[in-house]
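In: Sequence below, structure please.
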Amino acid sequence: MGEPHVYLDHAGAALYDDAQLAAHFAELRAGVYGNPHSQNPSSQRSADAIAVMRHRVLRHFGVSESEYEVVFTRGATDALRILCDAIALVPTRDPTHIAAAHASLEVPAAPDDGQSSVFAYLRENHTSVVACREPLLDRGVRVHCTEEKEIRVLAEGSPCHVHGNTPCSDASSVPYVLAYPAQCNFSGRRYPLSWVSAARAGRLAVGALCSCPGRWLVLLDAAAFVSTAALDLRCTPADFVCLSFYKMFGFPTGLGALLVRAASASYLSRKTYFGGGTLEAYVSTHRFHRPHARLHTRLEDGTASFLAIAALKHGFDRLDSVGIVRLGSAAFDLARMAYDQLTGLRHYNGSPAVVVYADTAFESSETQGPTVAFNVFRADGSCVGYAEVAKMAAIHNIHVRTGCLCNAGACQRYLGIDFPTYLANMAAGYRCGDDKDVINGRPTGVVRISFGMSSSTQDVAALIAFMDKYFVERGPASSDLERLSAMAPSGREALGGTATPADTVLRRLALFPVKSCGAFYVDAWEIGPAGFVHDREWMIVDLEGICLTQKRLPRMCVIQPRIDRARDQLVLAAPGCVSLVLPLAAGGAKMANLCQAKVCSERTEGLDCGDEAADWLTAALGTACRLVQTPTAAVRTSTLLSEGQPAAISYSNESQFLLVSEASMAEVDEHCADPVPIDRFRGNLVLAGGDAFAEDSWVGVRIGGQVFRVAGPCQRCQMVCVDQATGETSKEPLAALALFRRYQGKTFFGVHLIHDPALSAAPHVLHASAPVEPLELE
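Out: I've put the predicted structure just below:
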């Protein structure tokens with residue numbers, strides 16, 4: 001297994017254990033489970049297991065079948081979708097009450113008349129809860145995004161905002177819904193469960209909306225809460241509760257539940273689609289069908305995930321053996337320890353290295369769950385992006401969650417991102433789930449750690465040691481980093497730097513015909529409009545068209561491409577596989593296979609190379625994938641140079657060429673616990689001679705008769721930790737680079753080059769052993 005893993009993403013998913021899996025698979029071996037819709041012994045076994053688990057789920061939450069129903073779903077998100085489809089809310093008759101696109105939902109569109117329903121949701125809800133607004137808006141339901149300060153528990157006998165001391169008699173027939181999380185998945189903030197009982201007692205006030213008794217129903221998102229806290233639905237009688245079981249005990253995944261209070265089941269009358277097993281009767285030739293009388297049967301379309309439901313027994317057994325109260329207390333203590341130690345990290349000048357985003361100081365588990373959301377800042381106050389933290393954490397086997405965590409409302413509130421700023425971030429290229437972590441100096445997301453059943457004090461210690469080593473500055477930036485700071489993409493003055501000796505030469509040329517696969521080394525090669533001819537002309541994509549790289553599949557390095565110019569062929573070799581031979585030219589029938597693909601979140605086009613190539617790569621890599629080729633010599637444009645003609649690139653990430661230096665590599669190896677070869681950096685051009693990192697100060701360079709503009713330093717990710725011969729991964733050299741080659745939160749090695757044909761000698765060919773000379777270009 002190698003070095004131990006530090007798992008700090010329990011809010012994402014709990015960890016299952018061996019005993020839990022062993023018990024489940026022993027049960028599967030002991031007898032057959034069949035489709036519960038059939039009438040046979042195996043079917044009955046499944047039906048019995050499902051019935052037992054409905055009871056077990058309700059028992060865990062302190063209620064019985066007479067008080068609540070369990071609707072099994074694919075997860076908390078699916079539970080919300082089912083609820084939205086089924087809930088019967090009263091639409092407004094006035095279209096001006098419905099928010100238009102981009103209109104604010106923070107202020108009700110019109111004064112409350114009590115004659116049409118309102119769906120009010122706390123801003124800090126998970127994406128899946130917020131998404132309920134869209135189908136409801138389409139149905140004419142009023143929607144209101146509310147803040148915690150707007151929600152109040154009224155004293156008994158308090159008048160309604162709208163109807164005064166004369167409550168309306170039809171409040172329950174025009175229901176309002178308040179949706180909020182028991183625990184915020186972003187910050188861990190625990191919101192008052194007293195809001196639920198206040199709604200039952202007719203004492204819940206949300207802004208200036210009607211607060212008459214019987215008016216409010218509560219949708220409680222318990223997904224983050226129930227993994228480390230007890231939820232007693234007799235004390236907290238929410239009308240609807242959604243949850244996912246994998247967050248509680250790790251296995252099974254793809255299974256959740258919608259818990260529906262029996263007294264509120266009548267509101268779920270709107271469902272029209274009927275899947276298998278949901279009806280008492282129907283006729284194909286006439287519009288006649290009769291839904292099943294039981295709510296859970298009516299809402300569970302198709303065959304239940306009966307094997308997954310059977311596995312719940314062993315998850316609950318594990319949870320019960322630990323004790324949810326004891327578990328919650330231990331997890332909170334670890335989170336408080338992490339909070340105290342993270343906020344105690346200081347740079348040499350006394351400034352904080354970490355800022356935690358929370359509404360509490362972790363004083364009590366009543367108001368705070370075992371989740372810590374934070375960002376890392378440098379001594380000068382600038383932000384280290386979450387992607388950089390995640391990259392370094394990954395090579396140390398520390399599992400964290402980064403980004404906006406599927407909670408844009410909380411993310412935007414804590415980070416101070418208003419609507420215009422958010423739109424500006426999108427215009428700058430930001431998208432949910434990407435690594436564009438800092439825009440205009442401000443973070444776009446956070447790092448989140450969370451604790452649960454498998455957590456220990458060793459996890460906290462490992463995290464703090466990691467943070468202290470890589471993100472706490474002991475003194476001012478070194479001259480190397482100051483030199484990096486001056487490497488603007490274009491239009492800069494030459495820095496002077498260390499002179500490059502006259503004996504510096506081009507040691508080696510490498511092409512990477514298939515992006516992220518092995519190198520093809522040559523003695524000489526021609527340069528085309530997008531770099532070396534055939535360099536990164538092909539790439540491997542998954543079935544969604546997303547580019548695969550060694551970050552996701554390290555084994556890609558063992559695929560060795562070769563260009564056979566004599567036969568105009570691309571030849572792919574891999575261990576245990578007969579070589580695949582493809583024509584270099586993309587034409588003829590292949591032009592009909594134009595497809596969409598994605599490189600570094602940028603949508604581009606490619607020509608599908610056919611089923612033979614797809615089958616070969618699928619067998620070689622062990623995952624379903626396809627090979628695509630650029631339809632032209634250059635289909636994309638490098639964004640590194642801001643002035644002059646845009647530079648064409650094929651499927652490379654940022655530039656036409658990557659230059660690395662053996663002298664620089666030697667210095668990196670001095671910092672590495674285990675020295676690594678220079679092929680980890682996958683440079684097209686490898687230099688011999690000269691001083692370490694002299695290339696940092698270059699503006700341009702002549703290699704033989706070819707002139708290149710330096711387009712900036714190359715930011716490095718964990719792909720440099722992949723052994724290019726075996727596909728095995730290690731910490732080095734990224735761990736070493738992070739200690740002395742980081743600037744503004746990013747780690748650099750090598751420089752990007754763009755070929756300048758106007759200043760180069762014809763023919764445009766590079767040869768190994770060519771002399772290298774830095775240039776001061778305009």
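In: Give me the nearest residue to A770, chain neighbours excluded.
Out: G704 (3.3 Å; Cβ to Cβ, 6 or more residues apart in numbering). For every residue, glycine as well, the C-beta is placed using N, CA and C.
In: Now for that neighbour: which residues touch it?
Out: Residues in contact with G704 (Cβ atoms under 8 Å, 6 or more residues apart in numbering) are 506, 761, 766-767, 770-771.
In: Of those residues, which is the nearest to C672?
Out: Among those, L506 lies closest to C672 (Cβ to Cβ), at 24.8 Å.
In: Now for the closest residue to that closest one other than its chain neighbours: which residues touch it?
Out: Using Cβ to Cβ, 6+ apart and skipping the chain neighbours, the partner closest in space to L506 is A770 (4.6 Å). For A770, the contacting residues are 505-506, 703-704, by Cβ under 8 Å, 6+ apart.
In: A26: which of these is nearest?
Out: Using Cβ to Cβ, L506 comes nearest to A26 of the contacts of A770, at 62.8 Å.
In: Can you report phi and psi for the closest one?
Out: phi -80, psi 110 (degrees, to the nearest 10).
In: How confident was the prediction at it?
Out: Note on L506: pLDDT of 96.
In: Make sure it is actually in contact with L766.
Out: Yes. Using Cβ atoms under 8 Å, L506 makes contact with L766 at a distance of 6.8 Å.
In: R203 - how many residues pack around it?
Out: 20 (other Cβ atoms under 10 Å).
In: Name the SS class of L766, please.
Out: At L766, secondary structure determined by DSSP: H, G, I helix; E, B strand; the rest coil is strand.
In: I figured it hits Q706, correct?
Out: Yes. Between L766 and Q706 there is a contact at 5.8 Å, judged by Cβ under 8 Å.
In: Name the residues contacting each of the two.
Out: Counting by Cβ under 8 Å, 6+ apart, the residues touching both L766 and Q706 are I527.
In: Please name the nearest non-neighbouring residue to G275.
Out: Residue nearest to G275 in three dimensions, not counting chain neighbours: D301, with 2.7 Å by Cβ to Cβ, 6+ apart.
In: Name the nearest of the contacts of G704 relative to H163.
Out: Nearest to H163 among those, counting by Cβ to Cβ, is L766 at 82.1 Å.
In: can you pull the contacts of that closest one?
Out: 506, 509, 524-525, 527, 532, 685, 703-704, 706.
In: so what's it bridging to?
Out: In this entry, L766 is beta-bridged to W525, by DSSP bridges.
In: tell me the pLDDT at it?
Out: Listed pLDDT for L766 reads 96.
In: now it: how far from R508?
Out: To R508, L766 is 11 Å away according to Cβ to Cβ, to the nearest Å.
In: quick one: which of the contacts of A770 has the most company?
Out: I703 (24 neighbours).
In: surely L753 meets L659?
Out: Yes. With contacts counted by Cβ under 8 Å, L753 reaches L659, the gap being 5.4 Å.
In: Among the two, which residue is more densely surrounded?
Out: L753 (29 against 24).
In: Parallel or antiparallel, list what pairs with whichever helix or strand the more buried one is part of.
Out: When elements are assigned from DSSP states H and E, L753 belongs to strand 746-755. Note on strand 746-755: by DSSP bridges, its sheet partners are strand 657-661 (antiparallel), strand 706-715 (antiparallel), strand 742-743 (antiparallel).
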